[in-house]
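what follows is a predicted protein model with its sequence.
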Amino acid sequence: MSAESSYYVPSQSRWPIVASVGLFLTFVGAGSVMNASSAGESTGLSWLMFFSGALLMAYMLFGWFGHVIQESRAGMYSTQMDRSFRWGMSWFIFSEVMFFAAFFGALFYVRVFAVPWLGGDGSNASTGELLWPEFEATWPLLSNPSPELFPGPTATIDPWHLPLVNTILLIASSVTVTFAHHALKDGKRAALKAWLFATIALGLVFLFFQGEEYVVAYNTLDLTLDSGIYGTTFFLLTGFHGAHVTLGTLMLIIMFFRVQKGHFDKENHFAFEATSWYWHFVDVVWLGLFVVIYVI
Amino acid sequence: MSATAETAIENTHSDEHHGPAKGIARWLFTTNHKDIGSMYLWFSFIMFLLGGCMALTIRAELFQPGLQLIEPEFFNQMTTLHGLIMVFGAVMPAFVGLANWMIPLMVGAPDMALPRMNNWSFWILPFAFSLLVSTLFMEGGAPNFGWTFYAPLSTTYAPDTVTYFIFGVHMMGISSIMGAINVIATILNMRAPGMTLMKMPLFVWTWLITAFLLIAVMPVLAGVVTMMLMDVHFGTSFFNAAGGGDPVLFQHIFWFFGHPEVYIMILPAFGVVSQIIPTFSRKPLFGYHSMVYAVGSIAILSFIVWAHHMFTVGMPLFGELFFMYATMLIAVPTGVKVFNWIATMFRGSLTFETPMLFSIAFVVLFTIGGFSGLMLAIAPSDFQYHDTYFVVAHFHYVLVPGAIFGIFAAVYYWLPKWCGRMYSEALGKWHFWLSFVGMNLAFFPMHFLGLAGMPRRIPDYALQFADFNQISTVGAFMFGSTQLLFLYLVIKAIRSGEPATDQVWESAEGLEWTIPSPAPYHTFSTPPEVK
């Protein structure tokens, strides 16, 4: 709030409208792919729409961020502008926290209320008796209320193998990205590149192991999206987390290329910092997942 | 709140500062908060008329018992789209438009904090609503499960277009979250030197808290529609008890979003009224600090009352009691606000220009909506009122003379600043009185219908409900057609109204009244000093 010289108000930009068209095509394309495949119709045109939208979004992201990077490197941004970006990123991460909160909340509700009630808990003895009298409430839920409609999984993922390794990998990557940040602030470019590279590698190995875990779940445990509420919450929570790790890794890779090009200095490197905030955020989400999905 | 400006008008012109571009490019590519604010307001008015036509379709069908004009299936599509369009297309964008126009002017900022993202927030909306409205013309028809889209109506038994509905909601959510981030960043980071938080006009305060609510709950809405999408297309069982899920889970997550959402639609109107009543009472706002704390308390409470929408689903007794008492607590800060507005008017030298008329009607009629809300908050009584026209009467009393009258008041109050011309006071008063009478005729009888047991969302009804329904329909058509007069008087003001002075209103205070009317394309490029 101090008296700044002048706040940079950008002139007209074509990126927002490109982004709106891109988002529209991507979403309508995705929606019609889903509708067409559920109805057993051809999905060719829908995929075309989806991919043209996605390409347009990629073009927009490169163009828009490229433009912002140019402006930033041209020294057009004041410290007040920097604070706008910081508030923007912080509140964006808060919105992501609330998105995950919806899924964590669903898991909590299912485990604490819905499944026990289906089994006749509380004042719901007749519910259990009338709907699915054979059903027994357990968690992990291996036998669903209606095994005909929703055949349950045979087993769940053992937390002390791959998930534990993944936990260690992600925590390590949070440490390495912090080392990279300190190296950047100390002006040690070689160390910055090395630690950043290590973070990216850890992220990629994590993603590979997550993929491996999904293959095991589908092929040997019958743990699938349609295997009832356990698989539902398992795949949606870990899946959205994985999608966020993928996005975070992409952001880290872009930071790596920007470092290679000589971007950032000791004071001005908010893009890097925002990426590391995001990375810590996906790390914290994982810790929550590891505890409530895998361990307990 | 004596915010006076040392430098009223900036006169520095650098490369980035230029007048508006010509033609359509101005609107497509703009980064100017005033352009974007105007687009939001016009868009919301178009949506208001469209959603209004759907409401009139509903009311026309309900003029008489029996089925006259439309099929029940189409009736359901109308109730669904009317609700969605009015909530997400009319009320919310109108307040975002007001925020865009007024927050930078009120805090002395050159523009919104992130002007390009601001443009994107707006331009997503026309695409989102084109998608939503286009479902009317698709095979299977538009979404027909009500604006609250309860599962399994919206999953197992939904028309195919539910997929496009879900993606449309995602687009609206992205737009709202980006808009809210922009508002928060602007308020926290762009205030002129000396504009401390406790000197901010109440409209800015209410929007700060609204933006926080938006960022907190729009992602939860995104989450719940994503769960629907997974249930519909990918075989998951979030809302399917056969797989261990629960349809009631849908209602919990939806209303965790939905209850803060209703405050998102009313808090900025609180802010508007808190600006207008002091001006036309020629007195400072009574209890500024308590007003701020009241809005904050309402926002916090809004997160722990959601299940009062679902007293009849079969919650444990503890849940019923908790949500009942928590809901009643909201009456305390709301009462603080109502008493403060009245105390502001008390012994003021009042004049009754159109913005003031709408604001006074707001205080009276919103309070009626608040009281019927208290009745609904009492769990045992709610068992009787649930899903009847009493609920419809209640939320229309908080949304029409609440949110919509707040928006009307704001438009009359600030239009002279926007376009530099006065509206016709005579036409404004006609608009007010016709809206006031029409709206009460339309919605007051619904209380009686609901108490007598008429269920909501039904195209047909028993004969004894006919009289009140006919009155209601007459009122609805009166209110609806009056809005064409509003359109006419706004266009007339923009084209040929009397020139407005810079201060516009005799005792209006705040930075926005220190700049010329109409507001120049760029304002406060050099921040003013606030004492």
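Cool, the structure landed.

neighbours of residue A:226, how many?
Here the count is done by other Cβ atoms under 10 Å in any protein chain shown, and residue A:226 has 16 residues near it. (Each C-beta comes from the backbone N, C-alpha and C, glycine too.)

how much space separates the closest residue to it other than its chain neighbours from residue B:29?
Taking Cβ to Cβ, 6 or more residues apart in numbering or on different chains, and ignoring the residues beside it in sequence, residue A:226 has residue B:235 as its nearest neighbour in space, at 3.1 Å. As for residue B:235, its distance to residue B:29 is 44 Å (criterion: Cβ to Cβ, to the nearest Å).

residue B:258 now?
The span separating residue B:258 from residue B:29 equals 35 Å under the rule Cβ to Cβ.

leaving out chain neighbours, which residue sits closest to residue B:500?
Leaving out its chain neighbours, the residue that sits closest to residue B:500 by Cβ to Cβ, 6+ apart is residue B:416, at 3.5 Å.

these two touch, right, that neighbour and residue B:422?
Yes. Checked against Cβ atoms under 8 Å, the pair residue B:416 and residue B:422 is within contact range at 5.3 Å.

higher neighbour count, the two?
residue B:416 (23 against 18).

residue contacts, that one?
Counting by Cβ atoms under 8 Å, 6 or more residues apart in numbering or on different chains, residue B:416 makes contact with B:422, B:423, B:493, B:497, B:500, B:504, B:517.

cutoff 6 Å now
With contact set as Cβ atoms under 6 Å, 6 or more residues apart in numbering or on different chains, residue B:416 has these partners: B:422, B:500, B:504, B:517.

now swap in residue A:225 and tell me
Neighbour list for residue A:225: A:231, A:235, B:234, B:235, B:236 [criterion: Cβ under 6 Å, 6+ apart].

show me which of the residues you listed are buried.
Buried residues within the contacts of residue A:225, counting neighbours by 16 or more other Cβ atoms under 10 Å in any protein chain shown: A:231, A:235, B:235, B:236.

where does the last one land in three-state SS?
State at residue B:236, reduced to three classes by DSSP: H, G, I helix; E, B strand; the rest coil: coil.

do I have it right that it meets residue A:232?
Yes. Counting by Cβ atoms under 6 Å, residue B:236 touches residue A:232, with 4.0 Å between them.

just the helices in chain A please.
With DSSP state H as the definition, chain A shows helices at residue ranges A:15-38, A:44-73, A:79-109, A:115-118, A:125-131, A:162-185, A:189-220, A:229-260, A:270-289.

make CSV out of those and add mean pLDDT and distance to residue B:74.
As requested, these are exported to CSV (pLDDT from 0 to 100; distance: least, Cβ to Cβ, whole Å):
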stretch, mean pLDDT, distance to residue B:74
helix A:15-38, 97, 21
helix A:44-73, 96, 27
helix A:79-109, 97, 32
helix A:115-118, 95, 37
helix A:125-131, 87, 34
helix A:162-185, 97, 51
helix A:189-220, 97, 43
helix A:229-260, 98, 34
helix A:270-289, 97, 44
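
of all those helices, which one is nearest residue B:177?
Distance to residue B:177, taken as Cβ to Cβ, is lowest for helix A:79-109 among these, at 5.2 Å.

burial of residue A:208, as a residue count?
The burial count for residue A:208: 11, using other Cβ under 10 Å.

check contacts around it.
With contact set as Cβ under 6 Å, 6+ apart, residue A:208 has no partners.

contact partners for the residue nearest the centre of chain A?
Among the residues of chain A, the one closest to the centroid is residue A:244, at 1.9 Å (Cα atoms, centre = their mean). In this structure, residue A:244 makes contact with residue A:282, judged by Cβ under 6 Å, 6+ apart.

so how far is residue B:473 from it?
Using Cβ to Cβ, residue A:244 is found at 50 Å from residue B:473.

for the closest residue to residue B:370 other than its chain neighbours, give me the pLDDT.
What sits nearest to residue B:370 in space, not counting adjacent residues and going by Cβ to Cβ, 6+ apart, is residue B:334, at 5.8 Å. Looking at residue B:334, its pLDDT stands at 97.

sticking with residue B:334, tell me its helix or strand.
Taking DSSP states H and E as the criterion, the element that holds residue B:334 is helix B:331-345.

which residues touch residue A:20?
B:123, B:124, B:127.

of all the helices of chain A, which one is nearest residue A:145?
Using Cβ to Cβ and comparing the helices of chain A, the one that lies nearest residue A:145 is helix A:115-118, at 5.5 Å.

thank you kindly, that will do.
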